[in-house]
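A.B. asks: Here is my input, please return the structure:
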Amino acid sequence: MSATYATHQPERAEIDGAPGLVVLDFGTDWCGYCRAAVPVIAQALAAYPAARHLKVEDGPGRPLGRSFRVKLWPTVVVLKDGQEVARVVRPADAGAVSEALAMAVA
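C.D. replies: Below you'll find the predicted structure:
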């Protein structure tokens, strides 16, 4: 799992059309909450090797984060076949992320 948030953003249409389990992780590399959440998110994702994990840099002028109404970092949005099924804001433990991922495979 990459520790760096990608500055290149996929188009919303690409995300909406993505098959299977997609995990969008919105944040920034300089955010303390985001850095603290890296091992938490990685631990939860370890049980879902087929999940596509996208770390997307967010902030002013970033349309993907705005389209998902991201307000705080990190925000983890779980999608199944392009539809949002769960989200976790500022996860403090892997359990919260695991619960969100479980909702996508239920």
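
A.B. asks: Do I have it right that Met103 meets Ala86?
C.D. replies: Yes: between Met103 and Ala86 there is a contact under CB atoms under 8 Å: 4.5 Å. Heads up, the C-betas are built off the backbone N, CA and C, glycines and all.

A.B. asks: Compare neighbour counts for the two and give me the winner.
C.D. replies: For Met103 versus Ala86, neighbours defined as other CB atoms under 10 Å are more numerous around Ala86 (18 against 12).

A.B. asks: where does the more buried one fall, phi/psi-wise?
C.D. replies: Main-chain torsions, Ala86, degrees, to the nearest 10: phi -170, psi 160.

A.B. asks: counting contacts, what elements does the biggest helix by length in the chain pack onto?
C.D. replies: With secondary structure taken from DSSP state H, the chain has its longest helix at helix 32-45. Using 3 or more CB pairs under 8 Å, 6 or more residues apart in numbering; DSSP states H and E, the elements in contact with helix 32-45 are strand 21-27, helix 94-105.

A.B. asks: Would you mark the buried spots in it?
C.D. replies: Neighbour-count burial for helix 32-45 flags Cys34, Ala37, Val38, Val40, Ile41, Ala44, Leu45 (criterion: 16 or more other CB atoms under 10 Å).

A.B. asks: Redo the residues you listed as CSV? Include pLDDT and distance to Val78.
C.D. replies: Formatted as CSV, the buried residues of helix 32-45 follow (pLDDT from 0 to 100; distance: CB to CB, whole Å):
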residue, pLDDT, distance to Val78
Cys34, 97, 17
Ala37, 97, 14
Val38, 96, 17
Val40, 96, 14
Ile41, 97, 11
Ala44, 98, 10
Leu45, 98, 10
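
A.B. asks: if we can go back for a sec, the helices and strands packed on helix 32-45 into CSV, with extra columns for mean pLDDT and distance to Val77?
C.D. replies: Compiled in CSV, the helices and strands packed on helix 32-45 are given as follows (pLDDT from 0 to 100; distance: least, CB to CB, whole Å):
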stretch, mean pLDDT, distance to Val77
strand 21-27, 98, 4
helix 94-105, 96, 9
